[in-house]
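S.K.: Sharing a model prediction with you, sequence too.
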Amino acid sequence: MKPISVTTPKTVRIFENSKLFNPYKSRLFLYMKRLFALKKIMRKEQMNTFFQPILDIEKNETFGFEALNRPTPSPLFSNADVFYEFVGQTKKVFSFECFCRNLSLHRFRERLDDHLRNQNFILFVNIHPNVLLDKNYHSGETLSLLRSLGIQPQQVVFELTERSAVTDFDEFSRVLSHYRSQGYRIAIDDVGSGYNSLKTLIYLKPEFIKIDRSLIQNIDMEIAQQQLLSVILHYAQQSGTKVIAEGIERIEEFHFIKQAGVHYAQGYALGRPNEQLLLAHSPMIS
């Protein structure tokens, strides 16, 4: 059967009503329904935006927030992982990333209460590395949006989320220099998960390294994880990079990373993702 490139409710109904078509077994049918749903989600902004606080361990105060956009669970997308996996299979990656970026920035500004507005929190925005390479993305649109919202580029950190996606390190380093010249900063996610090599850290020189929760979980009891964290912290000290430990769920984990010299922490023990901007709380004093 020849693929149909245009997805509309009418084309979906044609396939549903065809006697020669079995909707329960056809990947094409499911793909078309999901693509139509994705377009509707973007058109009507049907995404929930959550903000998880990041704690400055030394100052014991909220440093910033990570913006997390999640679709409402549905029969087509049972969870966020299924949804984002599908987005990656479409030609909508660039437009969807731009949509999520704009949504995150708008909602961050909307949810800043009067007593939070002057604290200049840092916002971590998840982004696919290939989007940064797209010439349409660094045309100045993001900078214009920030100005209209009263947010400084220095408050925005692009968190690179796609594992093992960077291949042309020289080109990517050049592009990152362009963004840094405007004031943005870069974070590498999932470090310690086995996906990000030392080459990624050396070439991209991120301002922030986010330690994957798989390395942080039970780190107070695991010697091998402690040794790997020590290596990362040594590199960070030599390169002037700040380290953020993700996935803190136990007070023992927090005690350990604090003593080890980790700069920032994020996790359920400090604050769960919430649609409102709720400040982090230290388990040391809770």
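M.R.: Good, I have the coordinates. Numbering: from 1, shown residues only.

S.K.: For beta bridges, what are the partners of the spatially most central residue of the chain?
M.R.: Nearest residue to the geometric centre of the chain (CA atoms, centre = their mean): N126, 2.6 Å. On the basis of DSSP bridges, N126 is bridged to E159.

S.K.: so what pLDDT did Q226 get?
M.R.: The per-residue pLDDT reported for Q226 equals 97.

S.K.: again with Q89
M.R.: 89.

S.K.: three-state assignment of the closest residue to it other than its chain neighbours?
M.R.: Excluding the flanking residues, the one nearest Q89 by CB to CB, 6 or more residues apart in numbering is Y31, at 7.9 Å. C-beta: built from backbone N, CA, C; applies to glycine. Under DSSP: H, G, I helix; E, B strand; the rest coil, the three-state class of Y31 is helix.

S.K.: While we're on Y31, how confident is the model there?
M.R.: Y31 carries a pLDDT value of 91.

S.K.: residue contacts, L229?
M.R.: L229 sits next to 192, 211, 215, 219, 257, 260, 262 when contact means CB atoms under 8 Å, 6 or more residues apart in numbering.

S.K.: Of all the residues in whatever helix or strand it lives in, which ones are buried?
M.R.: Take DSSP states H and E as the rule and L229 turns out to sit in helix 223-239. Residues 225, 228-229, 232-233, 236 are the ones in helix 223-239 that count as buried (16 or more other CB atoms under 10 Å).

S.K.: before we move on, the earlier item: what's the burial count for the residue nearest to Q89?
M.R.: Neighbourhood size, Y31 [other CB atoms under 10 Å]: 15.

S.K.: same question, R185
M.R.: Neighbour tally, R185, other CB under 10 Å: 20.

S.K.: Give me the subset of the contacts of L229 lying in strands.
M.R.: Using DSSP state E, the subset of those located in strands is I211.

S.K.: JSON lines for the contacts of L229, including pLDDT and distance to S173?
M.R.: As requested, the contacts of L229 are arranged in JSON lines below (pLDDT from 0 to 100; distance: CB to CB, whole Å):
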{"residue": "G192", "pLDDT": "80", "distance to S173": "22"}
{"residue": "I211", "pLDDT": "95", "distance to S173": "22"}
{"residue": "L215", "pLDDT": "94", "distance to S173": "25"}
{"residue": "I219", "pLDDT": "97", "distance to S173": "31"}
{"residue": "I257", "pLDDT": "98", "distance to S173": "29"}
{"residue": "A260", "pLDDT": "97", "distance to S173": "29"}
{"residue": "V262", "pLDDT": "98", "distance to S173": "26"}
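
S.K.: Narrow the contacts of L229 to those that are buried.
M.R.: Applying 16+ other CB under 10 Å to the contacts of L229 flags 192, 211, 215, 219, 257, 262 as buried.

S.K.: Among these, which one lies nearest to Y184?
M.R.: The nearest member of these to Y184, counting by CB to CB, is I211 at 21.5 Å.

S.K.: Go ahead and confirm the closest one touches E246.
M.R.: Yes - the pair I211 and E246 passes the contact test of CB atoms under 8 Å, sitting 6.0 Å apart.

S.K.: where are the low-confidence patches of the stretch 51-200 of the chain?
M.R.: Within the stretch 51-200 of the chain, the stretches with pLDDT under 70 are 138-139, 162-165, 194-197.

S.K.: Just say helix, strand or coil for I151.
M.R.: Here I151 is recorded as coil under three-state DSSP.

S.K.: In this structure it contacts H106, no?
M.R.: No - with contact defined as CB under 8 Å, I151 does not reach H106; the gap is 10.1 Å.

S.K.: These two: who's more crowded?
M.R.: Using other CB under 10 Å as the criterion, I151 and H106 rank with I151 on top: 18 against 15.

S.K.: How much space separates that one from Q89?
M.R.: Per CB to CB, to the nearest Å, I151 is found 32 Å from Q89.

S.K.: Could you do I57 as well?
M.R.: Distance, I57 to Q89, using CB to CB: 39 Å.

S.K.: circling back to that earlier point, how close does the residue nearest to Q89 sit to Y179?
M.R.: Distance of Y31 to Y179, computed by CB to CB: 34 Å.

S.K.: again, but for V262
M.R.: Distance from V262 to Y179, counting by CB to CB: 25 Å.

S.K.: what does G64 give?
M.R.: Between G64 and Y179 the computed distance is 18 Å (CB to CB).

S.K.: could you pull out the strands for the protein?
M.R.: Taking DSSP E as the test, the strands found in the chain are 47-56, 61-71, 122-127, 156-160, 185-191, 208-211, 242-245, 264-265.
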